[in-house]
Structures are given as structure tokens and as C-alpha cells.
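coords please:
(chains A and B)
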Amino acid sequence: MLSRVADSLYWMSRYIERTDGILRMLKINYASSQDDLLDFSWKPVLRIFSYLEEERVQEIAKHSRAVLQFMVTDKENSNSVLNIVTHARENARSVQDHITKELWQCLNDYYHTVRDEQLVKLLHREDPITILDVLIKQGLLYYGTTEITMARGEGYSFINIGKFLERSVQSADILDVKFSDKNYDFDKTDATYWKYLLLSISGYELYLKTYRGGFDAKNVVEQIVLNEDFPRSIVYSINQLHRYFQRLKSEKNIQAHHKVDFMIGKLKSKVRYSTVETILEQGLHSYLEMIKEDLYEIGTAFNQHYFAYS
Amino acid sequence: MQTSELLNKYLVDTNTWDEMYKNDSVREQYQGVVEFMQELSVEELNRKEEMARKLFMSQGITFTVYSSGEGIEKIFPFDIIPRIITAPEWNYIEKGIKQRLKALNLFLKDVYSDQFILKDEIVPIDMIYSCPHYLREMHGFPVPHDIYVHIAGIDLIRNSDGEFYILEDNLRTPSGVSYMLENREITKRIFPDLIPRNNVRPVTEYPNILHKNLVSLSPRGISNPTIVVLTPGIYNSAYFEHTTLARLMGVELVEGRDLVVDGHRVYMKTTSGLQQVDVIYRRVDDEFLDPLVFNPKSMLGVSGIMSAYRKGNVAIVNAIGNGVADDKAIYSYVPAMIKYYLNEEPILKNVPTYQLNNNEEREYVFSNMNKMVVKKTNESGGYGMLMGHTATDEEIVRYKAEIMKDPRQYIAQPIISLSSAPCYMNGRLQPRRIDLRPYALCGPGGIEIVPGGLTRVALREGSLVVNSSQGGGSKDTWVLAG
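Sure thing, here's the model as predicted:
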């Protein structure tokens, strides 16, 4: 497979995963803004998910609609859903001969959906959850189409590597929204927020089945970081990343493969042999930062060994 | 047949051949379609038009216009009423194009080797050497199977007497074939059952024939040669076509930056190292193909590809330097070439063409400007063209001055009235001018033309310019089985 094609498939996939992460994160935060207006602020969201200057952050932090507008449809925001979906679609456009026609059409439709002028108006006037759900569903359609129509070759591996690398980062970011505040009190029962968070990443039912009782921040952390059966957990994503990366092994680039494999394996062990106690001891925010750092390094090495084509 | 609302006010211009109407009655080949349309209400037809638009949009059959940093998706306008060609008409066209291409191929071979046609003074030598597309780099290099033109898009028009004329030969990188294929797919969706009921010949073989020909050109005698389509990239307006062709043939779509030349061989950069490339169907113009030989500023090409080509290690399709044969000034010599190389009378006629570097012909053209269309010999897409009957006096004066700077770069032709065909507009059928571009494929086994082509249509009332860059659209083109 052409390096350029592999690169585009990988980024197409990362961008859609990022879109999904951002939309889900917006959904929880919007929902919780409706419950607890006094305490709620969009500041952590804006700091983590955008490059907005602090001044502007202060300005719109209390205005949900303005934040949604900025994060979803703003052309100037390089991390807006509009821009990320456009990137995903541009990447797909340049590899149409490597993805199925269904997958291309699905992404192309997603692109036309976020570009629809109506969306801006609806986001202003209607229930934002409905709009976010429409977009999230377009993403689900993408996942299903990939799963059902794409051949299980090299391209599929690159798509999954992009997807799970990005998902690990997104899951760390979503958790970090609350904990980037270093004084966060782990004994406080932030029940509404945790409930929305789990609901938005489809982890609510699993949480109830695993922990029965009420909401405990520690349990939430445990599920999102360490539960191997939860498809959005960091450990699950890294396991999958490793699984698809191993499929790329071939005689021709054994050295490069070994280097990256070592890095992923090391991170995998780090997460696997953590417990919620050791994490909290280190400090959740610093732990998440460490994981993200490792993920970025893996991304860079991967880029260097597999996509360096120009 | 009774005239319904749909056909109301279908006014054919005098002195124009209409594809549907003859003496106020519908020609036989159009009757099936007209009857079918008349059973539909205006609402249904509008819905079908909208459905066609949505299908184009959602499948990404679009080109992107970049303005103020933002890409806007545009559809090449599509008219839902098919253009119909009868079996005898098609047989005639097919024979004529095959004859013409045979001669043009021989001409290219000759002009890049022995140059008999120049020595015998059939084509004047200075015509060749003054053509910017004549490439000395190609001289004395035998191309595989002596084929220069592997893919040709020959533009035909129909004069008021119903006779087909050749308007232009496109022998470099003719585009539009994906619209021949996609327009048909759209028609199948918006008018279910209409195609089989009318006995329309399929066009689906095109990518298979093209692939078969490309495989046969591989310089290495291996069973599974690597074939690629070379595109300038996603910003090219024909990008959709490049990706469609690669997908339909199941071959790799590459950009210049994906390729590298080493030891006079072309390789593509893959995730598991370099892989040798055997055949390149390039959609990059000659000028940009190799920065070491042609335009040194080109970012679209591959350094060293010409050396690999000349060594015979890679086949390039179409051959380089074909522009000398589709130059608009050379065009007028094609009938002479047919006689010279094949000893046959040309089947398809040329439009009379005046060479503006010939003093007498220029005098004649200048005194009859309002009956002429003047074109630049090396432009395509309808750029740099003057339509004498609509131009203002001032425009004509300015254009004449332009011509005098370098008369070799211009030719003039009497304005030919293109035939008209019905288009669905504002709830009824209206005649609009059309042309026809069938796509011919030449391989070692001969010339094949899929029964169909691209019908371009001038959507503006009264307009004679069908180019997409000048407000043209397209139609599905039906060739009926005999």
C-alpha cells in the first residue's frame, strides 16, 4: 500500500474518532450545564479541546450556545466539528480507490450534513442534544459501514490504528475535563456529572452492573482507564491499537515495526499494571498527562516509520 | 402524436438540426422517451431532477471551486433527458473515428521518426516546428506497439443538414469519460426500466477495455504488472474522474510525490518499501510530467520519468508529445493525412478551417469576422475564443490586434450551427445546442469505442458554447441497438 494512502486512511480515521469524542464531550457538558448552572463552566472544555485565547475563554465560558457554536460550526476554530469532518472527508477523497463506495458516500454525507446552513440556525434555536445526536449518528453510520464493508487488509489495520490511538487520547481528555482542576475532591459526589459522562460514552449500564451502588469518582476512573471490557476505556483502546499494529508486521520493515511495537508494548504494560489507587497516588491529571505523552510519541514514531513519503 | 404541456412551445431554430423533432413530429428514436415523459407530471419530473442532483452530491461526483479559502462543491449540470443516437448513425460515427485515429497515430509515428509527410510536403514543416506541443525529446524513440494515442476523445457536432463534423481531436488527456459512466448510472436510478425498454447499448465495458489495454503495454513480461493512474491531486477539477477510473479498474491512484525514479525505473513508495511501476495512465500534462526535462517548477511530476520512459522501462499513456496532432492548426491537415497514409476518403468531415498565418485566408476571415469563430490553436476548454456573431466591434478590433502578434496561434472556422436536443427546463422541454464526445481506446488489438460518449449541452438559450467552463452541462448519451 502507498505510504500516502496509509497516511490518509489513518488520519481519516483519527479525525472521525476525534469528532466522535468532541461531540460526546459536548453532549455531557451541555446536559450538565442545564442541571447545575451556578457551578458549571465551559472553561476546562475550551482549554482542552480548543486553542482559544484565555480572554475569549473567559468571555464565552458561561454561554452554552456560544460554546456549542464555536465547537461545532465555527470555521475559524481549527478543532471545530465542521473543520475536522472536512479534514476526514478530504483524506477519504484522496483514497477513494482504497475505501468502499459506501464508506466514501457515508463520509461525504457527513460532510454535507455539518456544512448545512440550517445546522447553525438549529444549534441556536433548537434543543442542542438533538443536533449533537444527529451528528453522533452519522459517526455511528461510519463505524458500521467500515466494519461491514471494508476488506480486512492493510488499509483496515491503518484505519483501526488511527481510531484506537485517537480514542485513547479522547478518553483521557474527557476524564481530564473534571480533573485538570487539581483540587478536585474525590470524596465529593458529583453524581449528575458522572451519570451524564457515563451515558454519553455508553458506559452507564456497565457501571451500574459493575458497581451497583451510587456514584464514586474512583469507580468512574477505574472503568474509563482500566476496564478491559469497556470499549472506550484507555486500556481497551491501547490493547486494540497493539492488536492492529501487530498485523502490520512483515519481513520488509521488521526494524521499524519492532521499534514502534516496543513503545506500544511498554505503554500497554504501564496501564495494565496500574490500579486506581496507584493512579490517584500519582494524581489523576498527571497520570493522564503521562499516558497522553506516550501516545503522542507513538504517533510520531509511527508517522516517521510508515508515512514518511515526501 | 398529440402535443402535451411538456412539448408546448418547443421551438426549433430555423437552420438547425433537431435530434428529437422533424417537421413537427417526434423522430422514431425519441418516441419511447417522449411518451414516458408525458405520463409524468411536472412535479414528478422536478422530483427526478432533484433526485439526480442529490445523487451527484452524495456520491461526491463534484468538483471543488476554491474561493476565499473555502471549498465549494459544484455539480457539473446534468440534464435528465437522454440524448439518443440510432444504430446507423453510430455505425457511421464509429467507422469515421476509427479511420481518423488510425491516420493520426500514423502521423505521430511519422512526425517523430522519418517525417515522410513533411518531406512530401503534405503538411508544411513550419507548422510542426512552430507547434509548442511538438517535443523534440520524443524524436526517434519507438513507443510500444507504435501506439501514441491510447485514449482519444473526438468531439463531433452536427450541422443543419444533419451531417456529423469533427470539431476537435483530443489526443492528450481527454476528460469526461467518468460522466459518460455516471450519467448512465443516474438515469438508471431516476428512470427505472426506461433503458432496457428502449434497447440502449451498455457502456460499462469501458474500464475493462482500458485495463486490458494498459496490461498489454507492460514492458516487463510478468503476469501481474503494476498499473497506476497518475493524478495531479485532489485540487484538480477532474479528480473525481481519476479516482473513478482507478477504482473501476482496481489499480492504484498515485500522485507525483508517490513515485520515484531509480536506475531508470519508476517505483512507488509503499508501506513495505519501493514497488516497481510498469504502466502509467497519466492525467498530468506533458509540461508537468518531468521537472528535469520540461517545466522545472512542476510539483506534479516525477523527476527522471522521461529517462525511464525512453529506456522502455515504463509505459506512459497517452504517449508524450501528442499535442502536435491535436493542435487546431494541424487539424485542417487531417483529411490529407487520411488520404496520405490510408489511401481512403475521409468518412467524417472536417469543419472548414482558415489558417491565420496565411495572408489570403486571414484577409478573408478579417472581412467576414461576424460569421467566424476564432480559436487559439493550443487552448482547450473554450478559453481564448471569439464568437464573431455575438462579439462587439470593439472586441473584434482588439482581438484582431491580438491575432496579428502571432497569427500561427489562431485559426478561424465559419460558425457551425450545432444540432439541438430537448432539455428539461422549467417544467417543459426546450431545445438546447449539443455536441458529442465518444471515447476511443487503442490497444495492440485495434481500436474499440464503447457505444456512447459524453453529450455536452449549452444550457443557455441560443448559446453555441458547450464547454463546462463556459456554462455547459451534460446528458446521458444513448446508442440504440440495431
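
mind listing what B:K98 touches?
B:A440, B:I447, B:I449 (CB atoms under 8 Å, 6 or more residues apart in numbering or on different chains). Bear in mind the C-beta positions are built from the backbone N, C-alpha and C, glycine included.

go with 10 Å
Residues near B:K98 by CB atoms under 10 Å, 6 or more residues apart in numbering or on different chains: B:I347, B:A440, B:C442, B:G446, B:I447, B:E448, B:I449.

quick one, phi/psi of the residue lying closest to the fifth one once chain neighbours are set aside?
Which is B:I447. The shortest distance from B:I447 to any non-neighbouring residue, by CB to CB, 6 or more residues apart in numbering or on different chains, is to B:K98 (4.8 Å). Phi and psi for B:K98, reported as degrees, to the nearest 10, are phi -60, psi -40.

What is the least confident helix or strand in chain B?
strand B:63-67 (a mean of 71; mean pLDDT, DSSP states H and E).

shouldn't A:I161 be in contact with A:L248?
Yes: between A:I161 and A:L248 a contact is recorded at 7.9 Å, counting by CB atoms under 10 Å.

Now for these two: what residues contact both?
A:A6, A:V260, A:F302, A:Y306.

Tell me which stretches of the stretch 101-250 of chain A form helices.
Remark: helices assigned in the stretch 101-250 of chain A by DSSP state H, counting those that start in this stretch are A:101-115, A:117-125, A:128-149, A:154-179, A:191-200, A:204-211, A:217-226, A:234-246.

Could you list the domains of chain A?
For chain A, automatic domain parsing gives the domain ranges A:1-150, A:164-310.

Is chain B within reach of the shortest one?
I take that to be domain A:164-310. Yes: Domain A:164-310 comes into contact with chain B (CB under 10 Å from any CB of the partner chain), by way of A:L248, A:S250, A:E251, A:K252, A:N253, A:A256, A:H305, A:Y306, A:F307, A:A308, A:Y309, A:S310.

ranking those residues by neighbours, who comes first?
When those are compared by neighbour count (other CB atoms under 10 Å in any protein chain shown), A:Y306 ends up highest, at 23 neighbours.

Who are the contact partners of that one?
Here A:Y306 is in contact with A:1, A:3, A:6-7, A:10, A:158, A:161, A:245, A:248, A:253, A:256-257, A:260, B:271-272 (CB under 10 Å, 6+ apart).

Doesn't B:G321 belong to a strand?
No: secondary structure of B:G321 (DSSP: H, G, I helix; E, B strand; the rest coil): coil, not part of a strand.

Kindly provide the distance from B:Y383 to B:R201.
34 Å (CB to CB, to the nearest Å).

okay, the two: which has more neighbours?
B:R201 (17 against 11).

The residue in the stretch 301-450 of chain B that chain A sits nearest to: how many residues sit nearby?
Nearest to chain A, among the residues of the stretch 301-450 of chain B, is B:V302, at 12.6 Å (CB to the nearest CB). For B:V302, the tally of surrounding residues (other CB under 10 Å) stands at 30.

Next: B:R189.
11.

what ranges do the strands span in the stretch 51-200 of chain B?
Along the stretch 51-200 of chain B, the segments classed as strands by DSSP state E, counting those that start in this stretch run B:63-67, B:70-74, B:78-85, B:151-158, B:164-170.

okay, those strands in a markdown table with mean neighbour count and distance to chain A next?
Below are those laid out as a markdown table (neighbours: other CB atoms under 10 Å in any protein chain shown; distance: least, CB to the nearest CB, whole Å):
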| stretch | mean neighbour count | distance to chain A |
| --- | --- | --- |
| strand B:63-67 | 12 | 9 |
| strand B:70-74 | 14 | 7 |
| strand B:78-85 | 24 | 17 |
| strand B:151-158 | 22 | 18 |
| strand B:164-170 | 20 | 24 |
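
Nearest to A:R115, out of those strands?
Nearest to A:R115, of all those, is strand B:70-74, at 8.6 Å by CB to CB.

Tell me the residues of the stretch 51-200 of chain B that contact chain A?
So far as CB under 10 Å from any CB goes, the stretch 51-200 of chain B lies against chain A at B:54-55, B:57-62, B:64, B:69-73.

In the residues you listed, find the pair that's most separated.
B:L55 and B:G69 (28.7 Å).

Show me what from the stretch 1-150 of chain A comes close to chain B.
A:1-8, A:75, A:86, A:89-101, A:104-109, A:111-112, A:115.

mind running it again at 6 Å?
A:M1, A:L2, A:S3, A:R4, A:A6, A:R93, A:S94, A:Q96, A:D97, A:Q105, A:N108, A:D109 (CB under 6 Å from any CB of the partner chain).

if we can go back for a sec, okay, B:L55 and B:G69: which has more neighbours?
The neighbour comparison of B:L55 against B:G69 (other CB under 10 Å) goes to B:L55, with 18 against 6.

Tell me where the stretch 201-350 of chain B has strands.
B:227-231, B:252-255, B:259-262, B:265-270, B:273-276, B:279-282, B:315-317, B:349-350.

Check which helices and strands the first one sits against.
Under the contact criterion of 3 or more CB pairs under 6 Å, 6 or more residues apart in numbering or on different chains; DSSP states H and E, the helices and strands touching strand B:227-231 comprise helix B:239-249, strand B:252-255, strand B:279-282.

Could you single out the most deeply buried of these?
Compared across these, strand B:279-282 shows the largest average neighbour count, a mean of 26 (mean count of other CB atoms under 10 Å in any protein chain shown).

Is that strand in proximity to chain A?
No: Strand B:279-282 stays clear of chain A (CB under 6 Å from any CB), getting no nearer than 12.8 Å.

which residues in the stretch 51-200 of chain B form helices?
B:87-111, B:116-119, B:125-129, B:177-190, B:194-197.

State the pair within the shared contacts of A:I161 and A:L248 that is farthest apart.
Maximum pairwise distance among those (CB to CB): 13.4 Å, between A:A6 and A:V260.

Show me which of those two is the more surrounded one.
A direct count of neighbours by other CB under 10 Å for A:A6 and A:V260 places A:A6 higher, at 26 against 22.

picking that back up, the residue of the stretch 301-450 of chain B closest to chain A and B:G256 touch, don't they?
Yes: taking contacts as CB atoms under 6 Å, B:V302 lies within contact range of B:G256: 5.2 Å.

related to what we said a few turns ago, now that we have the helices of the stretch 51-200 of chain B, can you turn them into a markdown table and tack on mean pLDDT?
Output for the helices of the stretch 51-200 of chain B, formatted as a markdown table (pLDDT from 0 to 100):
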| stretch | mean pLDDT |
| --- | --- |
| helix B:87-111 | 97 |
| helix B:116-119 | 96 |
| helix B:125-129 | 90 |
| helix B:177-190 | 95 |
| helix B:194-197 | 93 |
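
Throw those into a markdown table and include distance to A:V225, thanks.
Listed next are those as a markdown table, based on distance: least, CB to CB, whole Å:
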| stretch | distance to A:V225 |
| --- | --- |
| helix B:87-111 | 68 |
| helix B:116-119 | 78 |
| helix B:125-129 | 74 |
| helix B:177-190 | 49 |
| helix B:194-197 | 58 |
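
Between the ones you listed, which one is closest to B:A391.
helix B:125-129 (27.1 Å).

Just the residues contacting the closest one, thanks.
With CB atoms under 6 Å, 6 or more residues apart in numbering or on different chains as the test, helix B:125-129 has contacts from B:L118, B:Y134.

Next: stretch B:409-418.
B:15-16, B:157, B:159-160, B:328-329, B:351, B:353-354, B:356, B:365, B:371-377, B:389, B:403, B:433, B:464.

Please spell out which residues along that stretch are buried.
By neighbour count on 16 or more other CB atoms under 10 Å in any protein chain shown, the buried set for stretch B:409-418 is B:Q409, B:Y410, B:I411, B:A412, B:Q413, B:I415, B:I416, B:S417, B:L418.

Quick check: end-to-end length of that stretch?
Stretch B:409-418 has an end-to-end distance of 25 Å (CA to CA, to the nearest Å).
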